[in-house]
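# Fold the following.
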Amino acid sequence: MSAFARQIGATTFEVVVADITTLALDAIVNAANGSLLGGGGVDGAIHRAAGPDLLAACRRLDGCATGDAKITDGYALPARHVIHAVGPVWHGGGSGEDAALASCYRRALALCGQHGLASVAFPAISTGVYGFPPERAAPIAVAACIDALRIAPSVTRLVFCCFSEPGAALHRAALSAAS
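Below is the predicted model:
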């Protein structure tokens with residue numbers, strides 16, 4: 001797993017191409033749907049890897065609104081927690097998608113701060129079946145995370161875990177351009 005790293009304040013930002021379910025961090029973020037009951041893509045992979053206890057915990061959460069996030073234990077995952085963030089479905093960009101996407105990154109980091117978590121990995125939320133353009137999503141993700149670190153001072157390692165090299169290249173470019 002090759003990584004790109006950049007220090008911003010007290011936090012090391014990394015970009016990797018990897019299977020997020022294999023990362024041994026304080027938390028991984030699940031690109032969840034509003035039901036939180038599993039689905040396709042990274043959501044399904046996380047639910048399969050975590051085991052049935054994750055589904056039982058998610059049932060108790062009673063869903064989650066777009067742009068928000070909720071936290072559970074990681075169960076059979078190497079990560080201690082799963083933060084379930086619900087990103088927006090792409091409708092062409094005029095329906096508040098950018099703000100909703102930024103919100104789910106900020107809310108996930110707020111949960112890291114509330115729980116004193118030091119390390120977290122994010123997938124490219126909403127860029128799969130939800131259709132958010134990856135070239136538009138990466139800079140939003142990076143900017144929202146940098147902005148949200150003020151409410152999550154415990155986070156010293158933030159990983160953008162990408163499914164493919166093209167996605168990783170977009171995140172590296174966004175991190176390189178960030179101030």
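# Where is the longest helix in this structure?
Looking across the chain with DSSP state H, the single longest helix is helix 97-114.
# Tell me the strands beside the next helix or strand after that helix, with direction?
As assigned by DSSP states H and E, the chain's next helix or strand after helix 97-114 is strand 119-122. In the sheet, strand 119-122 lines up against strand 27-32 (parallel), strand 157-162 (parallel) (DSSP bridges).
# most tightly surrounded among these?
Mean neighbours per residue, mean count of other CB atoms under 10 Å, is largest over the strands paired with strand 119-122 for strand 27-32, with a mean of 28. Every C-beta, even on glycine, is put in place using the N, C-alpha and C of the backbone.
# Contacts for it next, please.
20-21, 39, 41-43, 46, 64, 69, 71, 74, 77, 79-87, 108, 111-112, 115, 117, 119-126, 128, 130, 161 (CB atoms under 8 Å, 6 or more residues apart in numbering).
# Do a quick rundown of the strands in the protein.
Here the chain has its strands, by DSSP state E, at 3-8, 11-17, 27-32, 69-73, 81-86, 119-122, 157-162.
# Output these in TSV; the columns should cover distance to residue 170.
Formatted as TSV, these follow (distance: least, CB to CB, whole Å):
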stretch	distance to residue 170
strand 3-8	12
strand 11-17	9
strand 27-32	16
strand 69-73	22
strand 81-86	18
strand 119-122	13
strand 157-162	8
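# Buried ones in stretch 48-65, by neighbour count?
Within stretch 48-65, the residues scored as buried using 16 or more other CB atoms under 10 Å are 49, 50, 54, 57, 58, 63, 64.
# Nearest to residue 176 among these?
Using CB to CB, residue 49 is the member of these that lies nearest residue 176, at 31.1 Å.
# can I assume the closest one is in contact with residue 38?
No. In this structure, residue 49 is not within contact of residue 38 by CB atoms under 8 Å, at 11.3 Å.
# and stretch 29-36, how far apart are its ends?
One end of stretch 29-36 sits 12 Å from the other (CA to CA, to the nearest Å).
# For it, what is the distance to the chain centroid?
10 Å (CA atoms, centre = their mean, to the nearest Å).
# show me where pLDDT drops low in this protein?
1-2 (pLDDT under 70).
# Spatially central residue for it, please.
Centroid-nearest residue in the chain: residue 122, 2.9 Å away (criterion: CA atoms, centre = their mean).
# Contact partners for that residue?
Going by CB under 8 Å, 6+ apart, the list of residues near residue 122 reads 29, 85, 105, 108, 141, 145, 158, 159, 160, 161.
# Show me the two of those residues that sit farthest apart.
The widest separation within the contacts of residue 122 (CB to CB) is 14.5 Å, between 85 and 159.
# circling back to that earlier point, just the contacts of residue 122 now: which is nearest residue 171?
Nearest member of the contacts of residue 122 to residue 171, counting by CB to CB, is residue 160, at 4.3 Å.
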